[in-house]
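S.K.: Let's see this in three dimensions:
(2 chains)
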Number of protein chains: 2
Amino acid sequence: MFKRICIIGVGLIGGSIARSARQQGLCNNIVGYGRKQDEKNLQAAKRLGVIDDYTLELAEAVQGTDCVVIATPVASIESIFSQLKPLWSDDAIYTDVGSTKGSVIAAAERVFGRVPDNLVPAHPIAGAEQSGVIASVGDLFVNKRLIITPVGNTQPEAVQKIQGFWEGLGSLVSVMEVQHHDSVLAATSHLPHILAFALVDMLGHKDEQSEIFQYAASGFKDFTRIASSDPTMWQDICTANKDEIIPLIEQLKDELDKIQCLLENDDSQQLFATFTYARNARQRFLDQFNTN
Amino acid sequence: MFKRICIIGVGLIGGSIARSARQQGLCNNIVGYGRKQDEKNLQAAKRLGVIDDYTLELAEAVQGTDCVVIATPVASIESIFSQLKPLWSDDAIYTDVGSTKGSVIAAAERVFGRVPDNLVPAHPIAGAEQSGVIASVGDLFVNKRLIITPVGNTQPEAVQKIQGFWEGLGSLVSVMEVQHHDSVLAATSHLPHILAFALVDMLGHKDEQSEIFQYAASGFKDFTRIASSDPTMWQDICTANKDEIIPLIEQLKDELDKIQCLLENDDSQQLFATFTYARNARQRFLDQFNTN
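M.R.: Predicted structure coming up:
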């Protein structure tokens, strides 16, 4: 499918793309690129056979590639675009894996004046608490959603090729508007992460926190799992998508006001109705999730 | 340890106590009690060998028992106390498994004038999403916390006996003040349940909910697991412990205000600090949880 892929940022996601693309025979050659401080990770990636080779020189990394995958944190993408600009080639397809897409497109507009026709913004909805190439696996994207968010001038052939690539990695690919992607992800991913961080931050500051945690059960463990996610990555995502997230925080505070009010008024009937509605809504989610 | 235990309410918890007590040889005979509408469940309990026998007559159920375990929903406990009052025996120990303890003690005070000396309020921090005797298992309480909340006049020998009973079922038993129990559980269990219900209720009401849920990943599934809990049980618990829960909802709204403010002001540094604090606090919880 591709002769030579350059992966910028060979971490959990970048490394998993490399492993999976190789396993599925979707490319002949994979080169990794990173900064000086990433060299140990790049060495590990080469040693593990995740990539064929690596370089700390971007010009060298992208030379002769027909696909460039930007798999760095969201906050670094603008800087990567700037470094790629003088090296940009019409013969390659560029794509990224950022969790927020509006910010990636805005960064491209700032750097290039307009989003390049051969840049296909994409987002695999997959991940893990661990990070680094050491955590990468070849089946990370199997049966996972992948969303492509082209803009008006994005080349349809480039979109098709990236879609085919991700389907080759096992993903269920959807194409949608940028703003719609950011709105959906704010609801299902960004807001829950903020809630988990907020709850654990709040409880962790209580004097008796060690005792509180002592009596927490497995429900609390599941509920707070996402509060163990990488703080840098989540600070980036939340900042990048704050326009979608802030109204949802407002809505959730309203919802908490509603429940507080029901408790204050001993309105058991409405409390029961709210909890029942939520349980049924989650069942609808599970039914969808399990048939994915 | 006990000759004859009467279990009032042979559901997930009551059934698991029976299975476990029998396996551990902690009693000779177990009788189940329920209402007419519980008869099918009681028949199943007998058929499964969870209890030796059952009856729909409370007087018959408690006759000759030296231990009565009230394992009904929290909201039914006052009514059970009223029914037990004319049958109350000084030769038996009474205990319950309610998730909120202040409400159980208040109910006892209303029914009996003061909490009977031989009533030992207790709470096993264990459970499952499923309910009914069919979901009961013999090892539900192994290595799980159990909290006993005696009052001033509770007989020390009765406390010791209930402590020994639960230790025999494999639980890690603590004894604490009623109010302290309710405060700790509000933080680690009740508030997280309300948050999960609130989030799913809010998202479920959005027009695009089916699509939102379609793009939710496994993090969302874990985060909302407790929103699949029994609405009746949770409406009871939240109502019973509202005095502890409401201030925590207030604190959480303040915490969300803080995060919203950091987002509005692009204060990445403080956002990072908050998320990092939360991640480290959860790690402290995990370290405790895993050495439990």
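
S.K.: Next, the contact list for the closest residue to chain B within the stretch 1-150 of chain A, please.
M.R.: In the stretch 1-150 of chain A, the residue that lies nearest chain B is A:I125 (4.9 Å; CB to the nearest CB). Yep, even glycine has a C-beta here, placed from its N, CA and C like the rest. The contact partners of A:I125, by CB atoms under 8 Å, 6 or more residues apart in numbering or on different chains, come to A:K144, A:R145, A:L146, A:I147, A:L185, A:S189, B:Y215, B:A217.

S.K.: if you set the cut-off to 6 Å instead, what comes out?
M.R.: Neighbouring residues of A:I125 by CB atoms under 6 Å, 6 or more residues apart in numbering or on different chains: A:K144, A:R145, B:A217.

S.K.: right, and out of those, which lies closest to A:Q209?
M.R.: Checking the contacts of A:I125 against A:Q209 by CB to CB gives B:A217 as the nearest, at 28.9 Å.

S.K.: What does the closest one show for phi and psi?
M.R.: Dihedral pair for B:A217: phi -110, psi -170, per degrees, to the nearest 10.

S.K.: Leaving out sequence neighbours, find the closest residue to it.
M.R.: Distances taken as CB to CB, 6 or more residues apart in numbering or on different chains place A:I125 nearest to B:A217, at 4.9 Å, with adjacent residues excluded.

S.K.: gap between the one you found and A:R145?
M.R.: 4 Å (CB to CB, to the nearest Å).

S.K.: Could you do A:G204 as well?
M.R.: For A:G204, the distance to A:R145 - CB to CB - is 32 Å.

S.K.: Tell me the secondary structure at A:T95.
M.R.: With DSSP: H, G, I helix; E, B strand; the rest coil as the basis, A:T95 sits in strand.

S.K.: Tell me, how many residues neighbour A:R284?
M.R.: Counted with other CB atoms under 10 Å in any protein chain shown, residues neighbouring A:R284 total 14.

S.K.: And chain A, split by domain according to the record?
M.R.: With domains defined by automatic domain parsing, chain A comprises A:2-176, A:181-291.

S.K.: show me where the stretch 101-250 of chain A has strands.
M.R.: Using DSSP state E, counting those that start in this stretch, the strands assigned to the stretch 101-250 of chain A run over residues A:119-124, A:145-148, A:172-175.

S.K.: what about the helices in chain A?
M.R.: A:12-23, A:39-47, A:58-62, A:77-84, A:102-112, A:156-168, A:178-185, A:191-204, A:209-214, A:218-223, A:231-240, A:242-264, A:268-291 (DSSP state H).

S.K.: now these as a markdown table including mean pLDDT and distance to B:I93?
M.R.: A markdown table is the format used below for the helices of chain A (pLDDT from 0 to 100; distance: least, CB to CB, whole Å):
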| stretch | mean pLDDT | distance to B:I93 |
| --- | --- | --- |
| helix A:12-23 | 97 | 55 |
| helix A:39-47 | 97 | 61 |
| helix A:58-62 | 98 | 74 |
| helix A:77-84 | 98 | 66 |
| helix A:102-112 | 98 | 63 |
| helix A:156-168 | 98 | 63 |
| helix A:178-185 | 96 | 54 |
| helix A:191-204 | 96 | 35 |
| helix A:209-214 | 84 | 27 |
| helix A:218-223 | 88 | 29 |
| helix A:231-240 | 94 | 50 |
| helix A:242-264 | 98 | 33 |
| helix A:268-291 | 91 | 31 |
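
S.K.: Nearest to B:D222, out of these?
M.R.: helix A:218-223 (4.6 Å).

S.K.: Now tell me what touches that closest one from outside.
M.R.: B:T188, B:P192, B:D222, B:R225, B:I226.

S.K.: ditto for stretch A:171-190
M.R.: Stretch A:171-190 has contacts (CB under 6 Å, 6+ apart) with A:100-102, A:105, A:141, A:144-149, A:163, A:166-167, A:241, A:244-245, A:248, B:203, B:212, B:215-216, B:220.

S.K.: mind running it again at 7 Å?
M.R.: A:99-102, A:105, A:123-124, A:141, A:143-151, A:159, A:163, A:166-167, A:237-238, A:241, A:244-245, A:248, A:292, B:203, B:211-212, B:215-217, B:219-220 (CB atoms under 7 Å, 6 or more residues apart in numbering or on different chains).

S.K.: Pull up the distance across it, start to finish.
M.R.: End-to-end span of stretch A:171-190 (CA to CA, to the nearest Å): 21 Å.

S.K.: Tell me how far A:R47 lies from A:E39.
M.R.: According to CB to CB, A:R47 and A:E39 sit 12 Å apart.

S.K.: Show me what residue of the stretch 101-250 of chain A gets nearest to chain B.
M.R.: A:G204 (2.9 Å).

S.K.: Near chain B, which residues of the stretch 51-200 of chain A are found?
M.R.: A:125-126, A:145, A:184-185, A:187-189, A:192, A:194-200 (CB under 7 Å from any CB of the partner chain).

S.K.: who touches A:I93 in this structure?
M.R.: A:D66, A:C67, A:N118, A:V120, A:A158, A:K161, A:I162.

S.K.: Looking at these, which two lie furthest apart in space?
M.R.: A:D66 and A:V120 (13.1 Å).

S.K.: neighbour count winner among the two?
M.R.: The residue with more neighbours, out of A:D66 and A:V120, is A:V120; 26 against 16, by other CB under 10 Å.

S.K.: who does the more buried one bridge with?
M.R.: A:T95 (DSSP bridges).

S.K.: How much space separates it from B:P86?
M.R.: Where B:P86 is concerned, A:V120 sits at a distance of 77 Å (CB to CB).

S.K.: now swap in A:L12 and tell me
M.R.: 66 Å.

S.K.: So for the two, which residue has more residues nearby?
M.R.: Taking neighbours as other CB under 10 Å, A:L12 and B:P86 compare with A:L12 leading, 23 against 8.

S.K.: which residues touch the more buried one?
M.R.: A:L12 neighbours (CB under 7 Å, 6+ apart): A:G127, A:A128, A:Q130, A:S131, A:G132, A:A135, A:S136.

S.K.: re earlier: redo the helices of chain A as a markdown table? Include distance to B:M233.
M.R.: As requested, these are exported to a markdown table (distance: least, CB to CB, whole Å):
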| stretch | distance to B:M233 |
| --- | --- |
| helix A:12-23 | 39 |
| helix A:39-47 | 48 |
| helix A:58-62 | 57 |
| helix A:77-84 | 47 |
| helix A:102-112 | 42 |
| helix A:156-168 | 43 |
| helix A:178-185 | 32 |
| helix A:191-204 | 21 |
| helix A:209-214 | 22 |
| helix A:218-223 | 13 |
| helix A:231-240 | 33 |
| helix A:242-264 | 16 |
| helix A:268-291 | 9 |
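
S.K.: who wins for proximity to B:S79 among those?
M.R.: So among these, helix A:268-291 is nearest, using CB to CB, at 15.3 Å.

S.K.: Is the closest one in proximity to chain B?
M.R.: Yes - using CB under 7 Å from any CB, we find that helix A:268-291 touches chain B at A:268, A:271-272, A:274-279, A:281-282, A:284-285, A:288-289.

S.K.: Just the closest of those residues to A:R19, please.
M.R.: Nearest to A:R19 among the residues of helix A:268-291 next to chain B, with distances taken as CB to CB, is A:F289, at 25.0 Å.
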